[in-house]
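Undergrad: no sequence on this one, just coordinates:
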């Protein structure tokens with residue numbers, strides 16, 4: 001089957017499914033190797049890469065899958081190799097380096113994992129994506145860190161608002177057998193609940209503010225009617241405010257725009273200041 005020029009290489013059909021590999025670039029070795037390995041395993045050809053299968057036809061089939069994904073300059077360099085294993089190893093060393101270089105990269109990656117912390121502005125999806133990216137980098141370098149390491153790092157690095165659920169998970173769950181996806185899912189569910197509560201609190205606060213404004217306007221109109229001598233002013237006056245709390249002082253019985261507590265304190269401070277300055281003036 002001919003492949004369209006879409007940046008991917010169509011290799012062949014597996015049953016009714018068309019399998020494709022991405023074009024290899026300078027920056028996508030990790031994702032390229034994962035997808036090509038998956039395609040080769042789907043066709044039962046991965047052992048030609050590991051050296052366990054030396055069948056000539058299957059080796060050529062493997063190379064026929066890999067070659068169309070490579071840019072011309074890399075293709076010309078690896079075409080000299082007879083075995084698919086040597087082709088794969090040549091590409092790996094080109095972009096991951098020798099064993100010594102790989103160890104240095106692993107050390108750098110461990111430092112990156114150790115330092116990573118969730119920002120207060122980040123979502124669980126965003127932060128877990130960073131952890132997942134580091135996991136894939138470890139895999140691409142041939143490292144087999146236990147998943148528990150990543151689970152504990154994820155839980156210990158979330159922002160403060162998730163600490164209660166993080167502590168609950170660590171106390172009541174078996175982290176040794178917990179997949180990273182499960183830990184992310186639990187924190188994600190908690191994040192959704194927090195977001196729902198925040199939205200409800202915000203809406204309730206807005207409604208209370210509108211209610212207070214309306215009562216304030218009603219009180220103002222009542223005073224105006226009282227001054228004009230109309231009998232209806234008293235009916236539209238303040239009414240019973242015992243159930244309303246002032247946002248300024250926190251006491252019940254009046255609204256914030258009517259509060260005199262802070263105003264009285266300001267007047268008292270101003271009077272004291274004047275008294276302190278008078279001797280100096282004399």
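TA: Structure's in. What do you need? For clarity, every value in this text was computed on a predicted model and none was experimentally measured.
Undergrad: who's in contact with residue 165?
TA: Residues in contact with residue 165, defined by Cβ atoms under 8 Å, 6 or more residues apart in numbering, are 186-187, 190. The C-beta positions use only the backbone N, C-alpha and C, and glycine is treated the same way.
Undergrad: quick check, it in a helix?
TA: Yes - counting by DSSP: H, G, I helix; E, B strand; the rest coil, residue 165 is part of a helix.
Undergrad: measure residue 77 to residue 93 for me?
TA: In this structure, residue 77 and residue 93 are 11 Å apart, going by Cβ to Cβ, to the nearest Å.
Undergrad: Residue 69 too?
TA: Taking Cβ to Cβ as the measure, residue 69 falls 18 Å from residue 93.
Undergrad: which one of the two has more residues nearby?
TA: Relative neighbour count places residue 69 above the other of residue 69 and residue 93, with 22 against 13, counting by other Cβ atoms under 10 Å.
Undergrad: Could you pull up the contacting residues of that one?
TA: Under the criterion of Cβ under 8 Å, 6+ apart, the contact list for residue 69 reads 9, 21-24, 32, 36.
Undergrad: And for residue 19, the neighbour number?
TA: Should you count by other Cβ under 10 Å, residue 19 turns out to have 18 residues around it.
Undergrad: What sits closest to residue 29 if chain neighbours are left out?
TA: In this structure, residue 29 finds its nearest non-sequential neighbour in residue 95, 4.3 Å apart by Cβ to Cβ, 6 or more residues apart in numbering.
Undergrad: Could you report the pLDDT at the one you found?
TA: Looking at residue 95, its pLDDT reads 81.
Undergrad: what does the host helix or strand of it rub up against?
TA: With elements delineated by DSSP states H and E, residue 95 resides in helix 84-96, which encompasses its position. Counting contacts by Cβ under 8 Å, 6+ apart, the residues outside helix 84-96 that touch it are 24, 29, 33, 45, 48-51, 59, 62-63, 66, 70, 74, 77-78, 81, 102, 105, 140-141.
Undergrad: same question, stretch 188-196
TA: Among residues not part of stretch 188-196, those counted as contacts by Cβ under 8 Å, 6+ apart are 123-125, 161-162, 165.
Undergrad: among these, who's most crowded?
TA: The most crowded member of the contacts of stretch 188-196, judged by other Cβ under 10 Å, is residue 124 (22 neighbours).
Undergrad: List the contacts of that one.
TA: When contacts are counted by Cβ under 8 Å, 6+ apart, residue 124 is found next to 158, 162, 184, 187-188, 191.
Undergrad: so where do the strands sit in the stretch 1-150 of the chain?
TA: 8-14, 17-22 (DSSP state E, counting those that start in this stretch).
Undergrad: For the ones you listed, which has the smallest mean pLDDT value?
TA: Summarising mean pLDDT across the strands of the stretch 1-150 of the chain, the least confident stretch is strand 8-14, with a mean of 55.
Undergrad: Okay, now the unreliable bits of the chain?
TA: Residues of the chain meeting the criterion pLDDT under 70: 1-18, 98-99, 196-250, 254-257, 261-282.
Undergrad: again, only using 90
TA: Within the chain, the segments meeting pLDDT under 90 span 1-22, 25-31, 34, 92-107, 120-121, 133, 135-147, 159-173, 175-176, 186-282.
Undergrad: can you give me the helices for it?
TA: Under the criterion DSSP state H, the chain carries helices at the ranges 29-42, 46-50, 56-66, 72-78, 84-96, 99-115, 124-140, 147-156, 163-172, 180-228, 261-281.
Undergrad: ok, the residue lying closest to residue 127 once chain neighbours are set aside - contacts?
TA: Computed as Cβ to Cβ, 6+ apart, the closest residue to residue 127 that is not its neighbour in sequence is residue 118, at 4.4 Å. The neighbourhood of residue 118, defined by Cβ under 8 Å, 6+ apart, consists of 127, 157-159.
Undergrad: Then residue 183?
TA: By Cβ under 8 Å, 6+ apart, the contact set of residue 183 is 151, 154-155, 169.
Undergrad: how near is it to residue 60?
TA: Residue 183 is 44 Å from residue 60, where distance means Cβ to Cβ.
Undergrad: ok, now residue 155?
TA: 48 Å.
Undergrad: Can you pick out the residue with more neighbours from these two?
TA: Set residue 155 next to residue 60 and count neighbours by other Cβ under 10 Å: residue 155 wins out with 23 against 13.
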